[in-house]
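J.: could you look at this predicted model? Sequence included:
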Protein chains: 2
Amino acid sequence: MLSVSEAQSLVLAKARALSAVPAPISHELLGQVLAEDVVSDIDMPPFDKSLMDGFAVRSADLPEGKATLAVNEEVTAGLTPKLPLMPGQATKIMTGAPLPAGADAVVMIERTRPGTNGRVEIDDKPPRPGQNVMSRGREMRKGEVVLSAGTVLRPQEFGVLATVGRTTMTVVPRPRVAILCTGDEIVDAQEKPESSQIRNGNGPMLQAQVTRAGGIPRYLGIARDRAEELRTRIKEGLQSDLLVLSGGVSAGKLDLVPGVLQELGVQVHFHKVEMKPGKPVFFGTWDQTLVFGLPGNPVSALVCFELFVRPAIRRLAGHARSGPFFVEASLTENFAYKTDRPTYYPAWLAWEEKGYHARPVPWFGSPDLRALTRANAFIFIAAGEHRLPSGQLVSVMKTEDES
Amino acid sequence: MLSVSEAQSLVLAKARALSAVPAPISHELLGQVLAEDVVSDIDMPPFDKSLMDGFAVRSADLPEGKATLAVNEEVTAGLTPKLPLMPGQATKIMTGAPLPAGADAVVMIERTRPGTNGRVEIDDKPPRPGQNVMSRGREMRKGEVVLSAGTVLRPQEFGVLATVGRTTMTVVPRPRVAILCTGDEIVDAQEKPESSQIRNGNGPMLQAQVTRAGGIPRYLGIARDRAEELRTRIKEGLQSDLLVLSGGVSAGKLDLVPGVLQELGVQVHFHKVEMKPGKPVFFGTWDQTLVFGLPGNPVSALVCFELFVRPAIRRLAGHARSGPFFVEASLTENFAYKTDRPTYYPAWLAWEEKGYHARPVPWFGSPDLRALTRANAFIFIAAGEHRLPSGQLVSVMKTEDES
């Protein structure tokens, strides 16, 4: 049977970044990927800039750090100095204002006091040239690439984009992800289940997972275990960048999903992975659309999504790093576990001063979604019989920022 | 001067969770906080449930693990068994289907083969009672609190909410955060700056920071350094849950913001914190509205936001853990730094197998936002002169999930 990493490679081989689209600068692009190099149209700072409130001086006037200088004018941020600085003079200057010609340093206001006849008395260490000054072009130069294609847009990138006047840009769009839940036994959340039924938790859960992964979810509802109904709904789902199905993929009598997918021309890349929970997971493609069939049990669906679907969404969205992301953590307690397949076991991961700690949570198997309300990560456990002592280092898959 | 942690305590003392509001279940609530206890209206599973495709049996019929049993019927998920299981019988059963009365275990299909006359031959280890069965109510019981007020809504919580039929709930709303940038020297991103001007990067940057923190940003534009204009715009901003200003808070001649705020009745809690960058940061309250005045230099604004505003937004949004969040990391290179105040120095934080590593990035001071496009965290450095060797453990403030 295919290993998880082999299966992940097959997924990533088929997941190419979507075509770039133009977009206006907006916090709604947070986390999306820039699709072009951005060049500065200015030097930043555009002038030698004071980093302090104080007095612009000629450092040569202050060989000992002390002097009484004639104040020629005052420059606030947004103004331009009118007078060059002559020997023996100082210009009162505010943070962010341009230095006058001739000045090469700024003495902070706390090291000065007003003198007589509009002069200023300075009592400081000898200023070094450039002190409290950010020289023109130090941050960026006109014509320079300041953000490269592939950059993830975070608050600082929006600041830089605005600084260089880029109010529109091209970005990789968020992937559109259709979600179809299948099964005769599930009913929508607003319904009262009959004795043999359960409500569909996977629909809302998978929509939130798509959102967290950076995609745009589109929920197609529940399809019954009838080939004709599945065909119609799946065809609709294939119009998205990615289609996620839950249920109907294992070896049971009514597990019709893989057959219907193949009938519709979906090319199968794998169907079954050596893992627990989630073994019957299916992956195929139809033209450019990626198709995942996840098991119907909610923990299996969630884990398979994190291992295979989320990395695919990240790649479609242009991210170089697909994930999933693992850290090493110390077990907080003894943990005995026996498994015939590599297992992702629900755990609570927390940073505690010197490192990560992981605590396995009580878990009754793949239908037990409630266990995951006490977990934020999964401990990876290889096949075999384990008696892991407290303090043992284990590999842990993060599914969220643990803060 | 106030320390960062003293200042943070003053902020958190004023930041109470907003009043809860009703909301329909939706992925748009991802990361918000539930404001009520949620009780299950059902047992889950609602019946003893098969965890496998196979045959439901009476374990007493298989003391040696081998037997040929009469198959009485077949039950797929969503159906109810019609016949109780009598000694010597088996019921063919699919994953998720209810066990018939009398059955206490499921033998997986791979351990069976079809016998003659509709019988099944079983060749397995002796089944233990409960094998491959999830008993009724194991995950949750009717009447039990399955999610408590204060729970952060993640994919698994949406799954549980739907499972117990909660399609509406009360949540703490996202805080509305007004952003006002001030300064004669700044112009909007679409304008071409004059020689003494720079474009406003803080507006787009702060909007993205508000979004990342879980708030809803509302950008009020740029106010010039005139008291009347500031008054009008600030009054508008005070209608939000939180108002963030940038610029105009230090000791310069045109730093009018603190004065205008006090004129308008804003109660000052601090104005200046022992830190770098960002010393002149201001915090006050006006009725229930929290007001932050951040320095205009973009790195100062970003750092002050992460240290003071983001925790406030998280508290307004009902999060128990306000942050900021720190981890310990090993320096990837020697780092010499001298500072007169506790400093937050831009760095790249990465997990590398055995732990976090932090690499300081070249940085020219508080106006140098571009440096932050190469950083994802800040190394904390106490006041003093430091020569930190490569491998030294340092405390690092995370500003984002480092994946």
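T.: That came through fine. Residues are numbered from 1 along each chain as shown, chains lettered A, B, ... in the order given.
J.: quick one: the helices in the stretch 151-300 of chain A?
T.: Remark: helices assigned in the stretch 151-300 of chain A by DSSP state H, counting those that start in this stretch are A:155-163, A:202-213, A:227-237, A:257-263, A:298-304.
J.: now the phi/psi pair for A:I93, please.
T.: Phi and psi for A:I93, reported as degrees, to the nearest 10, are phi -140, psi 140.
J.: next, the buried residues of stretch A:38-49.
T.: A:38, A:40, A:42-49 (16 or more other Cβ atoms under 10 Å in any protein chain shown). (Glycine included, C-beta is placed from N, CA and C.)
J.: got TSV for those residues, with distance to chain B too?
T.: Listed next are the buried residues of stretch A:38-49 as TSV, based on distance: Cβ to the nearest Cβ, whole Å:
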residue	distance to chain B
A:V38	10
A:S40	9
A:I42	7
A:D43	10
A:M44	7
A:P45	6
A:P46	6
A:F47	7
A:D48	12
A:K49	7
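J.: so of those, which ones are in strands?
T.: A:38, A:49 (DSSP state E).
J.: show me where pLDDT drops low in chain A?
T.: For chain A, applying pLDDT under 70 flags the ranges A:251-252, A:402-403.
J.: please redo it, this time with the cut-off set to 80
T.: Chain A contains residues with pLDDT under 80 at A:250-254, A:402-403.
J.: tell me which two of the buried residues of stretch A:38-49 sit farthest apart.
T.: Greatest spacing in the buried residues of stretch A:38-49, by Cβ to Cβ: A:V38 and A:D48 (24.8 Å).
J.: thinking again about what came up before, of all the helices of the stretch 151-300 of chain A, which lies closest to B:M1?
T.: Using Cβ to Cβ, the nearest of these to B:M1 is helix A:155-163, at 26.9 Å.
J.: pull the number of nearby residues for A:P100.
T.: A count of neighbours around A:P100, defined by other Cβ atoms under 10 Å in any protein chain shown, yields 22.
J.: tell me the SS of the nearest residue to it once chain neighbours are set aside?
T.: Of all residues not flanking A:P100 in the chain, A:P81 sits nearest, at 3.6 Å (Cβ to Cβ, 6 or more residues apart in numbering or on different chains). Secondary structure for A:P81, judged by DSSP: H, G, I helix; E, B strand; the rest coil, is coil.
J.: surely A:P81 and A:Q89 touch.
T.: No. Between A:P81 and A:Q89 there is no contact under Cβ atoms under 8 Å: 11.4 Å.
J.: number of nearby residues for A:A227?
T.: 12.
J.: next: the one 5 residues further on.
T.: Neighbouring residues of A:T232 were enumerated by other Cβ under 10 Å; the total is 12.
J.: quick one on the thing from earlier: would you list the helices of the stretch 151-300 of chain A in a markdown table and tack on distance to B:M140?
T.: Formatted as a markdown table, the helices of the stretch 151-300 of chain A follow (distance: least, Cβ to Cβ, whole Å):
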| stretch | distance to B:M140 |
| --- | --- |
| helix A:155-163 | 40 |
| helix A:202-213 | 16 |
| helix A:227-237 | 30 |
| helix A:257-263 | 28 |
| helix A:298-304 | 13 |
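J.: just name the most buried of those.
T.: Most buried of the helices of the stretch 151-300 of chain A by mean neighbour count (mean count of other Cβ atoms under 10 Å in any protein chain shown) is helix A:298-304; its value is a mean of 29.
J.: buried sites along the very next helix or strand once past that one?
T.: Going down the chain from helix A:298-304, the next helix or strand is helix A:310-316, by DSSP states H and E. Residues of helix A:310-316 classed as buried under the neighbour-count rule (16+ other Cβ under 10 Å) are A:310-316.
J.: also stretch A:122-142?
T.: Applying 16+ other Cβ under 10 Å to stretch A:122-142 flags A:122, A:124, A:127, A:131-134, A:136-140 as buried.
J.: from the residues you listed, which are also near chain B?
T.: Here is what survives when those are matched to chain B using Cβ under 8 Å from any Cβ of the partner chain: A:134, A:138-140.
J.: just name the closest of those to B:V210, please.
T.: A:E139 (24.1 Å).
J.: chain B contacts on the stretch 201-350 of chain A?
T.: Looking at chain B, the residues of the stretch 201-350 of chain A close enough under Cβ under 8 Å from any Cβ are A:201-212, A:217, A:225, A:250-254, A:296-298, A:302, A:321, A:323, A:325, A:327-328.
J.: does any part of stretch A:14-22 sit near chain B?
T.: No. Judged by Cβ under 8 Å from any Cβ, stretch A:14-22 stays clear of chain B, getting no closer than 15.2 Å.
J.: give me the most central residue, chain A.
T.: A:G31 (5.2 Å; Cα atoms, centre = their mean).
J.: how far away is it from A:L2?
T.: Distance of A:G31 to A:L2, computed by Cβ to Cβ, to the nearest Å: 31 Å.
J.: was I right about A:T95 contacting A:V75?
T.: No. Applying Cβ under 8 Å, one finds A:T95 not in contact with A:V75, separated by 11.0 Å.
J.: of the two, which one has the most company?
T.: A:T95 (28 against 23).
J.: can you give me the buried ones in stretch A:11-20?
T.: A:11, A:14-15, A:17-18, A:20.
J.: my error: substitute stretch A:381-397 in the last question.
T.: Neighbour-count burial for stretch A:381-397 flags A:381, A:388, A:394, A:396-397 (criterion: 16+ other Cβ under 10 Å).
J.: and stretch A:350-362, by the same measure?
T.: A:351, A:355-361.
J.: TSV for those, including distance to A:H269 and secondary structure?
T.: Output for the buried residues of stretch A:350-362, formatted as TSV (distance: Cβ to Cβ, whole Å; DSSP: H, G, I helix; E, B strand; the rest coil):
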residue	distance to A:H269	secondary structure
A:W351	37	strand
A:G355	38	coil
A:Y356	34	strand
A:H357	37	strand
A:A358	32	strand
A:R359	36	strand
A:P360	32	strand
A:V361	33	coil
